[in-house]
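Engineer: 3D, please:
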Amino acid sequence: MKSLSFVVALMGAVAFINPVAAQGQKDPKAQEILKGVSAKYKSMKSLSASFKVTTMDQKAKTTDSQTGTLLVKGEKYKLTLKGQEVISDSKTVWTYLKESNEVQINDVAEKSDAISPTSIFTIYEKGFSTKYIGDKKEGAITYQQIELVPDDQKKNYFKIQISINKTEKVISSAKIFEKSGTNYVYLIEKFKADAEAPDAAFTFDKAKHPGVEVVDLR
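Structural biologist: All right, here's what the predicted structure looks like:
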């Protein structure tokens, strides 16, 4: 579930970003790049993505990977991972556990600092210092690297590094450094802007899951 929580926190999608509102130290180069990313995502009505998340435990020296998909439309999203789905219509969140055929229902968190799949690209909007750390070329693609350091030192991570496709102006990967010594790397493998996203995709349909056990936690 910890891995899932990080996916929910970071593999989100479209956001209306205002990099100028960032609170910590603002690197002008980083802010310029983020402004371009903001404009790109603002132009999208929806998006779909497939991704790979790798968990690296530095202390235990273990590595684990899993893949998933994400569909986002405004504040609505559908996140699919091995064995589970997380669906939200922006008001309610359904977490479906395939193995036990159980769905848990919760209200969307109302806290202003709550993080969801729709907020990955606003994660640096406030509460972070930003720093441009250089370009990295892989094949014919150049990626711009930006480091985010949270102003709140009580966070369980001490920095995030994001990689942005310089030409496409989209985030291609993110690496989260936890204080515990565990790092998470998220790689977006496929990305499609303005993907087909009917409203029905963002609610849980009991009829499609015969015998499902409903656990309402609201």
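
Engineer: run the chain-centre distance for the host helix or strand of residue 129.
Structural biologist: Taking DSSP states H and E as the criterion, residue 129 maps to strand 128-138. Distance of strand 128-138 from the chain centroid (CA atoms, centre = their mean, to the nearest Å) equals 18 Å.

Engineer: show me what the next helix or strand after that strand is in contact with.
Structural biologist: Sequence-wise, the next helix or strand downstream of strand 128-138 (DSSP H and E) is strand 141-150. Where contact means CB atoms under 8 Å, 6 or more residues apart in numbering, the residues beyond strand 141-150 that reach it are 24, 30, 33-34, 123-124, 127-137, 157-167, 172-173. Heads up, the C-betas are built off the backbone N, CA and C, glycines and all.

Engineer: sheet partners, orientation included, of strand 141-150?
Structural biologist: strand 128-138 (antiparallel), strand 157-165 (antiparallel) (DSSP bridges).

Engineer: between the ones you listed, which gets nearest to residue 95?
Structural biologist: Nearest to residue 95 among those is strand 157-165; the distance by CB to CB comes to 22.8 Å.

Engineer: measure how far that closest one is from the centre of its chain, please.
Structural biologist: That offset, for strand 157-165, works out to 12 Å (CA atoms, centre = their mean).

Engineer: same check, this time on stretch 74-81
Structural biologist: On CA atoms, centre = their mean, the centre of stretch 74-81 falls 10 Å from that of its chain.

Engineer: which parts of this structure are strands?
Structural biologist: 47-57, 62-73, 76-81, 84-88, 92-97, 102-107, 128-138, 141-150, 157-165, 170-178, 182-193, 213-216 (DSSP state E).

Engineer: which of the ones you listed sits closest to residue 203?
Structural biologist: Going by CB to CB, the one of these nearest residue 203 is strand 84-88, 6.7 Å.
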